[in-house]
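Enquirer: Here is my input; please provide its structure:
(2 chains)
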Amino acid sequence: MGANTRTDRTLPSQFDDRLMAAIGLTLLAALIPFFVSEYVRTLIQRCLLWIPPIFGVYFIYSLLRQVHFAQSIFIGLGSYIVAFLAGKYFLTSELLILLPLSLLASVVVAYVLGIFIMRRTGFYFAIMGIAVTMVFWSLVYKMRQLTGGSDGISDIKNPTLLGVQLSEQGFYYICLLISLGLILLMHRILHSPFSMQLKAIRGDLQKAESIGIPVHQMRRLAFVVAGANAGLSGVLLAFLYNYVGPTSFAWEFGAQFVQAAIIGGVNYFVGPIVGAFAFVGLEFLVSTWFPNLWEIVIGVTVALIVVTVGEEGVTGIAKNVLVRAFKGINLKERTYSDGK
Amino acid sequence: MGNNQGPVLLAVESLRKFFGEVRAANDLSLEIAQGQVLSLVGANGAGKSTFLNMLIGLVRPDRGEIRLEGKRITGLPPEQRAKMGIVKTFQLEHVFDDMTVFDNVRTACLSAAGKHYVMFKDVSAEREINERTQHILELFDLATVSQTLVRNLGHGYKKVIDIAMSFAMKPKILLVDEPTSGVGEEEKYRIMELMMNQIRASNLAAIIVEHDLNLVKDLSNETIVMHEGEFIARGAPEEVFSQDKVVEVLVGRGF
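Expert: Numbers count the residues shown, from 1 in each chain, chains lettered A, B, ... in the order given. Model (predicted):
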């Protein structure tokens, strides 16, 4: 019954624990480039850039209980904007132009797609997400002259910020900053009046309508919020690998964000962050040691998590271990998604 | 007693809805003034719920017109009608189960204030909304359970929460579909009293669907009897309930 966000957050001891943990991890992430190889740094950068699209999946699931497979559309959009403007038809590699441009494109495309996709719920929403993603993928795949088809587009120039070319480390910090910024923003949004009404829509659509909530418009906007996160990540992912291929539009790629969200645990605000690191980390380890078993390992992991801890994910497991180890620590971040 | 307690608030003209062979609403017409409380009775399947659902926009009529304060609202979606002041509470439980009582009512208050797209402000920072929520909870005797998850509460509570949310919308006319169905005898009167006090205090117009004819006599001085999609009688409850055709419809069918 004390499950009240407001009072939880004013309890200084709990809040301080979380704040300290967040500051500690951020510092760690900020110092990492000095101590690890370029390869590992790129890997961590990839984790950081996976966090926003996974947050999109988490957002849609925790508030509307819908599974969002279509995040790769927006990754693809952001990536191909970079591929064209900072690669094939070089115009600029300025982040302050490319990021807002991708944001705008994602918002527009998500809004238009949302009109169709968000009309459906549950199973049909998931399937429509996959179907629409496949349309995008095959368009990009087939328009060979424009997109390079399956070869994709490489030779993307290095990113600049205010006209200054960024070093590899400088770019790492940009990724860290944007990822952190989006995490904080999502935290804000998840505790906003907007999210509370989304949760009401999920709870009872008819009642929500009858108390004046514009349900279709709001669901569409939720889809836009999720897509915008992925659109921004897409820009940075393209610069990270200096290459963009049609796989960035593949629905399997979108499904990976869903898998990562499940692994992280959809009951926790930190779930997407844990999920990103767990998924990318697992992929790295398995593909290094048993290159052919990657799909099997990830499939079994997701299945095991779903069967054993369900929505708790790795975060839930870690929390239980921590609670047993240090009694009294409460890492659980309450969001409007938990109704237990 | 009279029909005209003020200017006409809601006007319904020849509203029709057929579901195949079933005539759920057969050219229904009605006017209701501000502060006027009507009760609507009739056997199951008489078309009462369909009528109310057409008024709030959940069911689209085949033909006919609905006007609220002179403005045509027939084609508007439910959320817009709710904003304009026509709000319904439901016969079955329609509440947000995995939210607290406070958050249920707060959601309605947010909606009433038009704060749908406020994304970058913490909901706890909406002071006016929170104060209004608290005020409504107190009006409906819900303050003590304010932090309880709704799913842990009984049916009677959920009914009151539904009604409280409707009030949070600052309605001009409240449509109440069987506020006491499935509720124990004692709680029935408590819920009715809570609701009627607020309806009278805010001088709202209301249409109340109710099966308990004793309650009907208490709650309003005007009742409408519905049968097979038509209004067959209208007037003071005692008078209406003594008409032969009404007795036949209500009593003869085991009402």
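
Enquirer: A:L182 contacts A:F55, doesn't it?
Expert: Yes - A:L182 lies in contact with A:F55 (Cβ atoms under 8 Å); the separation is 6.7 Å. No exception for glycine: its C-beta is placed from N, CA and C like everyone else's.

Enquirer: So those two - more neighbours on which side?
Expert: A:F55 (33 against 20; other Cβ atoms under 10 Å in any protein chain shown).

Enquirer: mind listing what the residue lying closest to A:V36 once chain neighbours are set aside touches?
Expert: Spatial nearest neighbour of A:V36, chain neighbours left out: A:I44 (7.5 Å); criterion: Cβ to Cβ, 6 or more residues apart in numbering or on different chains. Shown in contact with A:I44 (Cβ atoms under 8 Å, 6 or more residues apart in numbering or on different chains): A:29, A:32, A:36, A:172.

Enquirer: likewise A:Q256?
Expert: Counting by Cβ under 8 Å, 6+ apart, A:Q256 has contacts A:F279.

Enquirer: do you know how far it is from A:I54?
Expert: For A:Q256, the distance to A:I54 (Cβ to Cβ, to the nearest Å) stands at 9 Å.

Enquirer: For the closest residue to B:L58 other than its chain neighbours, list the residues it contacts.
Expert: The shortest distance from B:L58 to any non-neighbouring residue, by Cβ to Cβ, 6+ apart, is to B:P78 (5.8 Å). Residues near B:P78 by Cβ under 8 Å, 6+ apart: A:206, A:209-210, B:56-58.

Enquirer: shared neighbours, A:L182 and A:F55?
Expert: Residues touching both A:L182 and A:F55 (Cβ under 8 Å, 6+ apart) are A:N229.

Enquirer: Show the residue spans covered by the helices in the stretch 101-250 of chain B.
Expert: Assigned by DSSP state H, counting those that start in this stretch, the stretch 101-250 of chain B shows helices spanning B:101-112, B:127-139, B:155-168, B:185-201, B:213-219, B:237-241, B:244-250.

Enquirer: swap that for the stretch 151-300 of chain A, sorry
Expert: A:168-190, A:193-203, A:205-210, A:215-241, A:251-264, A:271-289, A:294-308.

Enquirer: in the shortest one, what counts as buried?
Expert: Right, the one you point to is helix A:205-210. By neighbour count on 16 or more other Cβ atoms under 10 Å in any protein chain shown, the buried set for helix A:205-210 is A:206-210.

Enquirer: of the residues you listed, list those near chain B.
Expert: A:206-210 (Cβ under 8 Å from any Cβ of the partner chain).

Enquirer: Hmm, A:I189 and B:D122 touching each other?
Expert: No - at 10.1 Å, B:D122 and A:I189 do not qualify as touching, with contact defined as Cβ under 8 Å.

Enquirer: Would you mind checking which helix or strand in chain A has the lowest mean pLDDT?
Expert: Of all helical and strand segments in chain A, the minimum by mean pLDDT, DSSP states H and E falls on helix A:5-10, at a mean of 43.

Enquirer: what about the helix or strand following it, near chain B?
Expert: Counting by DSSP states H and E, the next helix or strand C-terminal to helix A:5-10 is helix A:12-31. No - using Cβ under 8 Å from any Cβ, helix A:12-31 stays clear of chain B, coming no nearer than 13.4 Å.

Enquirer: quick one: low-confidence parts of the chain?
Expert: By default, I'm working from chain A. Applying pLDDT under 70 to chain A flags residues A:1-16, A:327-340.

Enquirer: that's the wrong chain, I meant chain B
Expert: B:1-5, B:251-255.

Enquirer: Strands of that one, residue ranges please.
Expert: B:8-19, B:22-33, B:37-41, B:63-68, B:71-72, B:86-89, B:173-177, B:205-209, B:222-227, B:230-235 (DSSP state E).

Enquirer: which bits of the stretch 151-300 of chain A sit near chain B?
Expert: A:185, A:188-189, A:191-197, A:199-200, A:203-204, A:206-215, A:217-218, A:221, A:225.

Enquirer: OK, contacts around A:E38?
Expert: Counting by Cβ under 8 Å, 6+ apart, A:E38 has contacts A:E168.

Enquirer: what's near enough to touch the nearest residue to B:M226 once chain neighbours are set aside?
Expert: Using Cβ to Cβ, 6+ apart and skipping residues adjacent in sequence, the residue nearest B:M226 is B:G42, 3.6 Å away. Taking Cβ under 8 Å, 6+ apart, we find B:G42 in contact with B:48, B:225-227, B:249-250.

Enquirer: from those, which is closest to chain A?
Expert: Set against chain A, the nearest of the contacts of B:G42 by Cβ to the nearest Cβ is B:K48 (16.6 Å).

Enquirer: Just the buried residues of the contacts of A:I44.
Expert: For the contacts of A:I44, buried by 16+ other Cβ under 10 Å: A:29, A:172.

Enquirer: Going by distance to A:Y80, which of the contacts of A:I44 wins?
Expert: A:Y172 (23.0 Å; Cβ to Cβ).

Enquirer: quick one: B:H94 from chain A, how far?
Expert: 4 Å (Cβ to the nearest Cβ, to the nearest Å).

Enquirer: contacting residues around that residue?
Expert: Contacts of B:H94 (Cβ under 8 Å, 6+ apart): A:204, A:206-207, A:210, B:162.

Enquirer: run the last query once more with 10 Å
Expert: Applying Cβ atoms under 10 Å, 6 or more residues apart in numbering or on different chains, we find B:H94 in contact with A:203-208, A:210-211, B:88, B:158-159, B:161-162, B:165, B:177.

Enquirer: circling back to that earlier point, would a markdown table of the strands of chain B with mean neighbour count be doable?
Expert: Listed next are these as a markdown table, based on neighbours: other Cβ atoms under 10 Å in any protein chain shown:
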| stretch | mean neighbour count |
| --- | --- |
| strand B:8-19 | 18 |
| strand B:22-33 | 18 |
| strand B:37-41 | 24 |
| strand B:63-68 | 17 |
| strand B:71-72 | 10 |
| strand B:86-89 | 28 |
| strand B:173-177 | 25 |
| strand B:205-209 | 24 |
| strand B:222-227 | 22 |
| strand B:230-235 | 17 |
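
Enquirer: Out of the ones you listed, the one nearest A:F284 is which?
Expert: strand B:86-89 (55.4 Å).

Enquirer: who does that closest one touch, helix- and strand-wise?
Expert: helix A:205-210, helix B:48-56, helix B:78-84, helix B:155-168, strand B:173-177, strand B:205-209 (3 or more Cβ pairs under 10 Å, 6 or more residues apart in numbering or on different chains; DSSP states H and E).

Enquirer: and it, how far out from the chain's middle?
Expert: Taking Cα atoms, centre = their mean, to the nearest Å, the mean C-alpha location of strand B:86-89 is offset from the chain mean by 5 Å.

Enquirer: Would you list the strands that it pairs with, along with their directions?
Expert: Sheet partners assigned to strand B:86-89 using DSSP bridges are listed as strand B:173-177 (parallel).

Enquirer: ok, back up a step: out of the contacts of B:P78, who's nearest B:A24?
Expert: Nearest to B:A24 among the contacts of B:P78, counting by Cβ to Cβ, is B:L58 at 12.9 Å.

Enquirer: quick one, which of the helices of the stretch 151-300 of chain A is nearest to A:L91?
Expert: helix A:215-241 (14.2 Å).

Enquirer: quick one, that closest one and helix A:193-203 angle?
Expert: Put simply, helix A:215-241 runs at 110 degrees to helix A:193-203, going by axes from the mean of the first three to the mean of the last three Cα atoms, to 10 degrees.

Enquirer: I'd like the distance between A:A238 and B:E193.
Expert: A:A238 is 65 Å from B:E193, by Cβ to Cβ.

Enquirer: For those two, work out which one has more neighbours and name it.
Expert: Set A:A238 next to B:E193 and count neighbours by other Cβ under 10 Å: A:A238 wins out with 27 against 12.

Enquirer: Would you check that the more buried one makes contact with A:V244?
Expert: Yes - counting by Cβ atoms under 10 Å, A:A238 touches A:V244, with 4.9 Å between them.
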